[in-house]
Structures are given as C-alpha cells and as structure tokens.
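> Build me a model:
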Amino acid sequence: MTDLKPTGKLDFYLERMASRGIGPARILAGTGLQADQRTEGGLQPHPPQYRRIILNMLELTRNPWLGIALGEEFKISHLGILGYAVLSASTLKDSRELYDRYRALNEHIFSTTNYIKHGRWFSEIQDVYRLGEVMRFAVEEFVSQTMQLASTLTNRPFPILELHLTYPQPADVTPYIRRFNCPVYFNQARNIVVFDINRLQDPISLSNPEVFKLCSRQCEMLAASRRDTSRLSEQIRNHLVSHPGTFPTLEEMAEHLHIGARTLRRRLVEEDQSYQRILDDTRKELAIQYLQHTRLTPKEIGYMLGYSSVSNFRRAFKAWTNQTLSDVRLTHA
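Residues are numbered from 1 along each chain as shown. From the prediction side, this is the model:
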C-alpha cells in the first residue's frame, strides 16, 4: 500500500492522454488551467472546465468512443486506499456498499443513485453539472468503467442488462454492441443502467477480512481528514450542486453538517463568506449552465433554483451578472 491517495479525474485524463502522446497543455487549452497547478492541493476543475477538457480530448484523439476506451483503462489502483478496501471485501455487494459510503474520496462529474426495484438493480445517472454535449462521453465512461472494475474484483464477466439513455442514437452503434452487448434505448427521459442483481453475490477473488477492516478504517480516517481540512464554503457549495433543486436554509444546512447555526455563520465569516453569498453564487453558476447547455425555459430554470416566480428569477440573474437571461442564452448559441 504505497500510494493511498486516489488519482484525481484530471490526473487520470492527463495520464491516459500522455500515453497517447498528447501533452497536458493541449488538453487544458481554453480552460484557464495550467498543468503545474495540479501540485497545489490537487486541482479540481469546475464543470465548464471539465466540459472543455473532454471536448479537447475527443478532438485531439479523434475518437468519438473515447469514453468507452477510458473506462476500460481505469484500474483499481486509481481508487487509492478505497481500491484496496473494495478489493478485499467478501462480495461485490460489500464492495459496492463501501464504495458508495466513501464515494466522495474520488472525483465525479455527475451523481448516481442505485436502487433495487422489482428484483432488479438500477443505477440512475443524474447530470447535476449539466454536461450538455459531453454527457454521452460521461455515461459511456461510467458504464465501461463499472464493468471493468467489477470484472477485476470478481475475476468474472460483469454484464449490463439494459441501457436507457437520454441522448440520440449515434450513427454507428457497433462499439455499444461490442462493449455493452445489451438492449440500448435512446432518447429516454432518464439515463438508467440495469445491472444483473445476481452479480451482487459474486465473491471477490482477493477477499481478506483483516485487510478489509484495516482499509475501511483508513478510508474513514481519510474522509474525516478531508472534512476537517476542506473549506466549509466549498462543502456547502458541493452539497448544493449535488442536490439540484434543493436550497436549504442556513439552519437546515447546519443540521446537515452536524454543527450549530451560529458556528456555521462564524466559520463562514472566518472564510470571508456568507451563506447567502454561497447560495447566490451557486444559483448563478447553475443558471448559466442551464441556459447554455439545456433547453429549459426561464420559468423551469427559476423553479429549479428555488424561485416562486420567473420575474424574481430574472431580477436576481440581472443583479448577479448584469445580463439578461436572453443575452446569456443567445451569446452561447
């Protein structure tokens, strides 16, 4: 266990592109990021920057199926200590539950919800960051990576039973047939992957109860350390972005963070922040994402951002950006 730190998503992308002879400067072009910034606390790009990075990779590799390829190239070792933990669990079910518990140790560009219904195992992919034109890449990478990791853990195939996808059918579906080999339904209301529930009982080939306990404790220690050292304002922002449509009061957020409301206010003041400013900044960023990368109406966007009337939303957006909703949407178009 020489490297316990998970590989960040940006570092993973740069590593895989380097293996293809493409340098970091070309991958980061147009993002405002510099390769040497990665040493400063583990740089985490914002959603618009990730969108640009993915578009750069697709253009530079000229591979429209890059997401599938990168999913296959993802290794257990990229998960750091969490990888050692899931590798030593008893069954795939135990591995999945542990991974879900400490999912925050690894960087993600969307959220997933797993649930069992009518004897079937569903995983819904939610585009909380409004990836727009690169959502197909993200879904393909996730499904391909899930198959790769599960197969590595159990040393047996991990089939996909069905794929329900929100985007249109590509002109060539051969890569889907080759990699996923299951019924695929395009232009659906939600992105849902149906897994074989029986695979949850598959034993992990390198199961070791003692190592599992040790690694689980280390995962908890790492998660606690990150919670203690990360800025409170960033924790709040991440929660708001990961739960679109939900904007809790300061008291509700304090309860979620397991601290008192007065403590929350004081710690934000120490960070030169306020809860209202974080709410406004997050709403502004989400509003811009929705306007630029969705066809949602201003009324629908306003509702998702917690506004009871579209006129209130328009006024707030004008105050944030000094632009109208139409200006931002037309400029991007």
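> got the residue ranges for the strands in the stretch 51-200 of the chain?
With DSSP state E, counting those that start in this stretch applied, the stretch 51-200 of the chain shows strands at 111-117, 120-126, 160-164, 184-185, 191-195, listed in chain order.
> Neighbouring strands of the last one in the sheet, and parallel or not?
In this case it means strand 191-195. strand 120-126 (antiparallel), strand 160-164 (antiparallel) (DSSP bridges).
> Please apply the same query to the fourth one.
According to DSSP bridges, strand 184-185 forms sheet pairs with strand 160-164 (parallel).
> Show residues contacting the strand it pairs with.
120, 143, 147, 176, 180-185, 188, 190-196 (Cβ atoms under 8 Å, 6 or more residues apart in numbering). Where C-beta positions appear, they are placed from N, C-alpha and C, glycine not excepted.
> Could you do stretch 52-62 as well?
Residues from elsewhere that reach stretch 52-62, judged by Cβ under 8 Å, 6+ apart: 10, 13, 17, 20, 22, 26-31, 45, 64, 66, 131, 133-134, 137-138.
> Mind listing what's buried along stretch 21-38?
Within stretch 21-38, the residues that count as buried by 16 or more other Cβ atoms under 10 Å are 22, 24, 27, 28, 31, 33, 38.
> Out of these, flag the one nearest to residue 81.
Within these, proximity to residue 81 (Cβ to Cβ) peaks at residue 38, which comes in at 19.9 Å.
> what pLDDT does the closest one get?
The score at residue 38 is 55. That number is its pLDDT.
> So which of the strands of the stretch 51-200 of the chain is nearest residue 223?
Taking Cβ to Cβ, strand 111-117 is the member of the strands of the stretch 51-200 of the chain nearest to residue 223, at 17.2 Å.
> Neighbouring strands - and their directions - for the closest one?
For strand 111-117, sheet partners with direction are given as strand 120-126 (antiparallel), following DSSP bridges.
> Poorly predicted segments of the stretch 201-333 of the chain, please.
Along the stretch 201-333 of the chain, segments meeting pLDDT under 70 span 226-230, 242, 244, 332-333.
> Let's see that with 50 instead.
For the stretch 201-333 of the chain, no stretch has pLDDT under 50.
> can you give me the helices in it?
For the stretch 201-333 of the chain, helices defined by DSSP state H, counting those that start in this stretch occupy the ranges 209-229, 232-242, 250-256, 261-270, 275-293, 298-304, 310-321, 325-332.
> and the strands paired with strand 191-195 as CSV, adding mean pLDDT?
Shown next, in CSV, are the strands paired with strand 191-195 (pLDDT from 0 to 100):
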stretch, mean pLDDT
strand 120-126, 91
strand 160-164, 97
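> These into TSV, with extra columns for distance to residue 277 and mean neighbour count?
What follows is the strands paired with strand 191-195, written out as TSV (distance: least, Cβ to Cβ, whole Å; neighbours: other Cβ atoms under 10 Å):
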stretch	distance to residue 277	mean neighbour count
strand 120-126	26	17
strand 160-164	39	18
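> Any idea which of those strands gets closest to residue 262?
Nearest to residue 262, of all those, is strand 120-126, at 33.5 Å by Cβ to Cβ.
> Need the residues that contact that closest one.
Contact partners of strand 120-126, identified using Cβ under 8 Å, 6+ apart, comprise 110-116, 138-139, 142, 146, 161, 190-197, 200, 244.
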